[in-house]
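**Student:** sequence first, then the predicted structure:
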Amino acid sequence: MEVQFFTDPAEFLAVAQTVLAKDPVTGSVVATISERTVRERADGAPDPDWPRWWATISDGGTVISAAMRTMANPPHPMFVLPMPDPAARLLATTLLDRGEHPGGCNGALPAARVIADETVRREGGTVEVAMHSRLFECREVTRPKAPAGTLRPAEPADDDLVVDWCEAFNRDAAEQGGREPEFSTRDREVVRQQILAGRRFWLFIDADGEPAHLTGVNPPAFGVCRIGPVYTPKQHRGRGIASHVVAELTARGLADGTRMCLFTDQANPISNKIYEAIGYRAVVDMANLTIQPG
């Protein structure tokens, strides 16, 4: 087996496209971020000052999996797709042999855990679970009762509200999972750029004309759209708004011939129940792992 690293996401996509196309739902995060970075580079965005790379793992000349390290927030954990245990150990040892400690590993299980364990075996330290997540896909929507109100795309004039609610979503999700919230100044700027670049954030406006909910839908990559974040302020919860909006946006995507997926935090049984009622079914379990040096 062989690991090949890339600093150019376009070059990575040219090599990894077969494995991403084979399972585009599981590969949604890698494909979406890679394609977005290609667009940002074309617009003249500078390279960041933190570790950033993409990688393919090949066996006998055939790409069998992929990984990337693009997270802006320390410790800049990598994200990995499913891969055989020997490939995961090879990725871990290759990084360490070139003097790079991963700091963390997010993505599909058991691959993420194998990489983390191999790193600790070589370098010492401990592995801590920051979050257990689950990837879901919906192929047929079960529509809940629609609450009174309207759904519309967020506009540039809504950017302060959208940024604040994305931050609130991160804060609430961290509290639910017993984690420290992470939402940096750069995260706020990324959200603003996504609004201007046409990433489709949607707002639900209730019968009183008040914004009551936010849902984001990532641009399609390899025929797959990923929904998120999904956020309802506390004063508007319990009215079925999130169920209605996610079901509506999912149905629209499916009608356009797009496969629809989303992530849930396994520490939040309410959201898992809501999405399953809409028609989402589990695809793969994932985890965010922090690797503390010895």
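**Tutor:** Structure received.
**Student:** pass me the low-pLDDT residue ranges in the stretch 101-250 of the chain, would you?
**Tutor:** Flagging of the stretch 101-250 of the chain using pLDDT under 70 yields the residue ranges 173-192, 194-199.
**Student:** please enumerate the helices of it.
**Tutor:** 111-123, 159-177, 185-197, 241-255 (DSSP state H, counting those that start in this stretch).
**Student:** nearest to Ser58, out of those?
**Tutor:** Ser58 sits nearest to helix 111-123 of all the helices of the stretch 101-250 of the chain, at 15.5 Å, using C-beta to C-beta. (Glycine included, C-beta is placed from N, CA and C.)
**Student:** okay, domains of this structure per the record?
**Tutor:** Following automatic domain parsing, one gets these domains for the chain: 2-133+288-292, 149-278.
**Student:** can you put those in JSON lines and add distance to Arg143 and mean neighbour count?
**Tutor:** Shown next, in JSON lines, are these (distance: least, C-beta to C-beta, whole Å; neighbours: other C-beta atoms under 10 Å):
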{"stretch": "domain 2-133+288-292", "distance to Arg143": "22", "mean neighbour count": "18"}
{"stretch": "domain 149-278", "distance to Arg143": "5", "mean neighbour count": "17"}
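**Student:** I'd like those written out as JSON lines, with distance to Glu140 added.
**Tutor:** Putting these into JSON lines (distance: least, C-beta to C-beta, whole Å) gives the following:
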{"stretch": "domain 2-133+288-292", "distance to Glu140": "15"}
{"stretch": "domain 149-278", "distance to Glu140": "8"}
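**Student:** pull the contacting residues for the nearest residue to Met131 once chain neighbours are set aside.
**Tutor:** Leaving aside its chain neighbours, Met131 sits nearest to Asn288 (4.3 Å; criterion: C-beta to C-beta, 6 or more residues apart in numbering). Going by C-beta atoms under 8 Å, 6 or more residues apart in numbering, Asn288 touches 77, 104, 106, 129-131, 133.
**Student:** for Ser271, same thing?
**Tutor:** Per C-beta under 8 Å, 6+ apart, neighbours of Ser271: 230, 264-265.
**Student:** let's see the pLDDT reported for the residue nearest to Met131.
**Tutor:** On pLDDT, Asn288 comes in at 94.
**Student:** can you confirm it is in a strand?
**Tutor:** Yes: the assignment for Asn288 (DSSP: H, G, I helix; E, B strand; the rest coil) places it in a strand.
**Student:** can you start the count at 50 instead of 1 from here on
**Tutor:** Shifting the count to begin at 50 puts that one at Asn337.
**Student:** find the residue at the geometric middle of the protein.
**Tutor:** Nearest to the mean C-alpha position of the chain, counting by C-alpha atoms, centre = their mean, stands Val78 at 4.9 Å.
**Student:** so that one belongs to a helix, correct?
**Tutor:** Yes: when three-state DSSP is applied, Val78 is found to be in a helix.
**Student:** that one contacts Val129, doesn't it?
**Tutor:** No: between Val78 and Val129 there is no contact under C-beta atoms under 8 Å: 10.1 Å.
**Student:** which residues do those two both contact?
**Tutor:** Joint contacts of Val78 and Val129 (C-beta under 8 Å, 6+ apart) are Gly156.
**Student:** now do the phi/psi pair for the residue in the chain sticking out farthest from the centre.
**Tutor:** What lies farthest from the middle of the chain is Asp257; by C-alpha atoms, centre = their mean that is 33.0 Å. Note on Asp257: its backbone torsions stand at phi -90, psi 0 [degrees, to the nearest 10].
**Student:** tell me the spacing between it and Val211.
**Tutor:** Distance, Asp257 to Val211, by C-beta to C-beta, to the nearest Å: 20 Å.
**Student:** is it true that Asn321 touches Gln315?
**Tutor:** Yes: if you go by C-beta under 8 Å, Asn321 and Gln315 touch, sitting 7.0 Å apart.
**Student:** what is in contact with those two at once?
**Tutor:** Joint contacts of Asn321 and Gln315 (C-beta under 8 Å, 6+ apart) are Arg183.
**Student:** if we ignore the residues flanking it in sequence, what's nearest Val279?
**Tutor:** Nearest one to Val279, counting by C-beta to C-beta, 6+ apart, is Thr264 at 5.0 Å.
**Student:** one more: Ala70?
**Tutor:** Closest to Ala70 by C-beta to C-beta, 6+ apart is Phe271, at 5.5 Å.
**Student:** please apply the same query to Arg90.
**Tutor:** The nearest residue in space to Arg90 (C-beta to C-beta, 6+ apart) is Pro58, at 7.3 Å.
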